[in-house]
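>>> just need the structure, nothing else, for what follows:
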Amino acid sequence: MAIVGATGLVGRTLLDVLDEMNVPIDSLALYASERSAGTLLEFRGTTLTVQELNEHSFDAIDIALFSAGGVLSRAYAPIAVKAGCTVIDNSSAFRMEPDVPLVVPEVNPDDAMNHHGIIANPNCSTIQLVLALEPIRKRFGLKRLIVSTYQSVSGAGQKGIDQLNDELQGIEPRERISSHPLAFNTVFHNRLNEERGASTEEEIKMRREIRRIFSMPDLPIAVTCVRIPTTGGHAESVYAELDADWTIDEIHECLKDIPGLTIIDDSHNDAFPTPISAAGNNDVFIGRIRKDEDHPQGLMIWVVADNLRKGAATNAVQIAELLMQKNS
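The predicted model follows:
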């Protein structure tokens with residue numbers, strides 16, 4: 001197995017998750033850019049040296065977990081596949097390619113078996129949303145979605161954390177993910193174009209990916225994606241218009257035994273999930289389950305997850321486990 005982008009936030013989290021989930025690995029190779037080559041990282045009591053990625057890096061690798069950005073994925077994933085390696089890619093490079101499955105193991109595991117060398121990890125915000133909604137969608141149907149995200153700056157990598165921390169210390173940021181201040185502020189992601197009324201790239205990704213994973217190409221979806229000044233965890237306010245009538249008890253019953261989901265929904269004790277309470281956990285957390293008082297089939301939920309774990313590293317490792325189980 002190999003990790004490409006091993007020194008980044010997600011790369012380092014991949015090491016933690018592989019260890020914690022006790023994934024059987026005969027050998028592990030770590031790759032990164034020339035700048036990061038030579039970095040020493042610990043894994044299961046062994047010190048591993050990060051190597052510079054090159055065209056021969058995958059000659060003896062069966063599965064490669066890519067988390068180094070779309071440009072590098074497009075350049076090196078085909079090389080890895082040609083060498084006989086299966087790539088699980090965390091970038092957006094291949095997510096909408098028709099022959100590349102887009103997989104959340106708890107939702108569409110069978111799709112992972114129909115790959116041609118590359119499997120795409122969905123966007124972090126997409127993963128937690130579809131995992132939370134799939135049991136509800138299966139039982140009550142789904143007519144429409146309205147989603148607002150509250151995303152940690154860690155979704156932009158170390159640069160986002162550095163900009164926020166620099167601003168909080170009152171110093172000029174070394175690098176910026178936004179021309180607007182992050183500290184004590186909310187900002188939006190980059191737009192693909194500057195036309196009036198244009199969606200951001202993140203909003204477009206979520207709409208397309210949700211429709212693809214659910215196999216509902218015409219599902220009406222409205223998305224607003226916001227970055228907030230936190231360093232870990234994504235939250236989402238979700239409004240779902242269902243096909244059938246439902247009760248609060250039925251929603252709780254529907255969600256309570258789903259692997260990877262945890263309900264925290266006790267208004268009497270002020271209990272609901274937060275980015276801090278989700279930190280370091282692999283589950284997706286659901287709370288504030290409510291009815292729309294003006295629409296009999298309108299459901300409102302609050303969904304939170306650690307974006308570096310289930311939103312990235314954990315989901316990728318779970319896909320790798322599916323492949324290993326198939327080949328065992």
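
>>> drop to CA atoms for contacts and neighbour counts, all remaining ones
Fine.

>>> in the stretch 51-200 of the chain, which spans are helices?
70-82, 124-140, 158-168 (DSSP state H, counting those that start in this stretch).

>>> dump the ones you listed to a markdown table, plus mean neighbour count.
Output for the helices of the stretch 51-200 of the chain, formatted as a markdown table (neighbours: other C-alpha atoms under 10 Å):
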| stretch | mean neighbour count |
| --- | --- |
| helix 70-82 | 18 |
| helix 124-140 | 21 |
| helix 158-168 | 19 |
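
>>> export the ones you listed to a markdown table and append columns for mean pLDDT.
Shown next, in a markdown table, are the helices of the stretch 51-200 of the chain (pLDDT from 0 to 100):
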| stretch | mean pLDDT |
| --- | --- |
| helix 70-82 | 96 |
| helix 124-140 | 97 |
| helix 158-168 | 95 |
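
>>> any chance of those helices in JSON lines, plus distance to Leu28?
Formatted as JSON lines, those follow (distance: least, C-alpha to C-alpha, whole Å):
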{"stretch": "helix 70-82", "distance to Leu28": "15"}
{"stretch": "helix 124-140", "distance to Leu28": "25"}
{"stretch": "helix 158-168", "distance to Leu28": "24"}
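
>>> so which of the ones you listed gets nearest Phe272?
helix 124-140 (14.8 Å; C-alpha to C-alpha).

>>> and the closest one, what does it pack against?
helix 201-214, strand 234-241, helix 248-255, strand 284-291, strand 298-305 (3 or more C-alpha pairs under 8 Å, 6 or more residues apart in numbering; DSSP states H and E).

>>> so the third one versus strand 298-305, what angle?
In this case it means helix 248-255. 40 degrees (axes from the mean of the first three to the mean of the last three C-alpha atoms, to 10 degrees).

>>> show residues contacting helix 248-255.
Contacts to helix 248-255, defined as C-alpha atoms under 8 Å, 6 or more residues apart in numbering, come from residues Ala132, Pro135, Ile136, Arg139, Leu261, Ile263, Ile289, Arg290, Lys291.

>>> what about 10 Å?
Residues outside helix 248-255 that contact it (C-alpha atoms under 10 Å, 6 or more residues apart in numbering): 132-136, 138-140, 247, 256, 261-263, 265, 286-287, 289-291, 299.

>>> which residues touch the residue lying closest to Glu55 once chain neighbours are set aside?
Nearest residue to Glu55 in three dimensions, chain neighbours excluded: Ile79, at 6.6 Å (C-alpha to C-alpha, 6 or more residues apart in numbering). Shown in contact with Ile79 (C-alpha under 10 Å, 6+ apart): Asn54, Glu55, His56, Ser57, Phe58, Asp59, Ser73, Cys85.

>>> in JSON lines: those, plus distance to Arg212.
Formatted as JSON lines, the contacts of Ile79 follow (distance: C-alpha to C-alpha, whole Å):
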{"residue": "Asn54", "distance to Arg212": "33"}
{"residue": "Glu55", "distance to Arg212": "32"}
{"residue": "His56", "distance to Arg212": "34"}
{"residue": "Ser57", "distance to Arg212": "32"}
{"residue": "Phe58", "distance to Arg212": "30"}
{"residue": "Asp59", "distance to Arg212": "32"}
{"residue": "Ser73", "distance to Arg212": "21"}
{"residue": "Cys85", "distance to Arg212": "25"}
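
>>> next step: these restricted to strands.
When DSSP state E defines the strands, the subset of those inside them is empty.

>>> now, of those, which are buried?
Ser57, Phe58, Ser73, Cys85 (16 or more other C-alpha atoms under 10 Å).

>>> need the helices and strands packed on helix 124-140 in JSON lines (columns: distance to Thr49).
Output for those, formatted as JSON lines (distance: least, C-alpha to C-alpha, whole Å):
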{"stretch": "helix 201-214", "distance to Thr49": "34"}
{"stretch": "strand 234-241", "distance to Thr49": "32"}
{"stretch": "helix 248-255", "distance to Thr49": "43"}
{"stretch": "strand 284-291", "distance to Thr49": "33"}
{"stretch": "strand 298-305", "distance to Thr49": "31"}
